[in-house]
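Visitor: below: sequence and its predicted model.
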Amino acid sequence: MAAWCYVLSRNYGWSSEETNETAELERLARQAARLANEDAVALYTGGFALTRVPGQLEAAAALIERALTLDPNLAAAWHLNGWVKLYRGEPEAAIEHLAQAMRLNPLDPLFYGMQDGTAAAHFLAGRYDTAASWAEMALRRHANSAPQSLRLAAASYALSGRLAEARRYITLMREVDPDLRLASIGEIAPFRRPEDIARYADGLRQAGLPE
């Protein structure tokens with residue numbers, strides 16, 4: 001849970017990618033996996049924490065896969081493994097894993113995160129209108145997911161050529177996060193591969209996010 005707190009802090013922009021903090025996150029995640037290697041919850045939380053450590057994506061994937069082997073009905077593990085598939089540039093697999101998570105736990109308080117992940121996967125696959133639709137569903141489900149959902153909707157509509165909708169969402173997003181600039185998109189993008197981040201940034205640029 002300590003490693004998970006670091007992940008949430010990064011996700012919400014409450015902390016930075018400082019070397020000391022990253023090292024502590026990695027230490028905690030690996031200790032959790034070592035001490036509780038038969039505990040599916042420890043494995044998927046520790047595994048997902050490792051996605052925030054450069055070069056550890058495959059190790060993260062292995063821990064979450066082990067969690068699913070131990071408990072194939074664990075919706076949260078399917079959810080987070082969907083995001084790992086996204087980070088690896090595997091949108092179709094991501095959609096399948098996120099859909100399984102939604103089937104297993106349709107009342108999950110983090111259901112909007114599954115919808116955001118599905119939006120990001122369709123974006124990665126070039127299905128921009130579908131991506132925007134999923135981002136809008138996440139917004140309706142949980143308004144506090146607004147920053148990421150708004151960014152996904154804006155970038156998706158921009159790359160689908162629907163600039164009026166894109167600019168409307170970027171305006172809403174800037175009300176929530178007025179300081180965001182394209183220069184910092186790499187830190188908060190729902191992707192890890194440079195080419196995917198570049199396409200996301202291009203969509204946000206077309207939508208009107210300043211440099």
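Guide: The structure has been received and is ready for your questions.

Visitor: check which helices and strands whichever helix or strand L8 is part of is in contact with.
Guide: Per DSSP states H and E: L8 is located in helix 2-11. Packing partners of helix 2-11 (3 or more CB pairs under 8 Å, 6 or more residues apart in numbering; DSSP states H and E): helix 19-35, helix 40-49. Any C-beta I mention is one placed from the backbone N, CA and C, and that applies to glycine too.

Visitor: and it, what's buried?
Guide: Within helix 2-11, the residues scored as buried using 16 or more other CB atoms under 10 Å are A3, W4, Y6, V7, R10.

Visitor: so what's the residue of the chain most remote from its centre up against?
Guide: Relative to the centre of the chain, the most outlying C-alpha is that of L35, 26.9 Å out, by CA atoms, centre = their mean. Counting by CB atoms under 8 Å, 6 or more residues apart in numbering, L35 touches A42.

Visitor: output the below-cut-off pLDDT ranges for the protein.
Guide: For the chain, the stretches with pLDDT under 70 are 12-13, 15-19, 143-145.

Visitor: quick one: the strands in it?
Guide: Assigned by DSSP state E, the strands in the chain number zero.

Visitor: so where do the helices sit in it?
Guide: In order along the chain, the chain carries the following helices (DSSP state H): 2-11, 19-35, 40-49, 57-70, 75-87, 91-104, 111-124, 128-141, 146-159, 163-176, 185-188, 194-207.

Visitor: next, the angle helix 57-70 makes with the longest one.
Guide: Using axes from the mean of the first three to the mean of the last three CA atoms, to 10 degrees, one finds that helix 19-35 and helix 57-70 are set 30 degrees apart in direction.

Visitor: and for the residue nearest the centre of the chain, nearest residue in space, chain neighbours not counted?
Guide: By CA atoms, centre = their mean, the mean C-alpha position of the chain lies nearest to P190, the distance being 4.4 Å. Of all residues not flanking P190 in the chain, A120 sits nearest, at 4.2 Å (CB to CB, 6 or more residues apart in numbering).

Visitor: tell me if I'm right that that neighbour and I197 touch.
Guide: No. Distance between A120 and I197: 11.5 Å, which falls outside the contact criterion (CB atoms under 8 Å).

Visitor: of the two, who's got more company?
Guide: Per other CB atoms under 10 Å, whichever of A120 and I197 has more neighbours is A120, with 31 against 17.

Visitor: what sits against the more buried one?
Guide: A120 makes contact with L86, A94, A131, L152, P190, F191 under the criterion CB under 8 Å, 6+ apart.

Visitor: correct me if wrong: L159 contacts Q206.
Guide: Yes. Here L159 reaches Q206: they are 7.0 Å apart, a contact under CB under 8 Å.

Visitor: list the buried residues for stretch 174-188?
Guide: For stretch 174-188, by 16+ other CB under 10 Å, it's R174, L180, I185, I188.

Visitor: coming back round to it: and the helix holding L8, how far out from the chain middle?
Guide: Relative to the centre of its chain, helix 2-11 is centred 13 Å away, using CA atoms, centre = their mean, to the nearest Å.

Visitor: out of the buried residues of stretch 174-188, who's nearest G47?
Guide: Nearest to G47, judged by CB to CB, of those is I188 at 21.0 Å.
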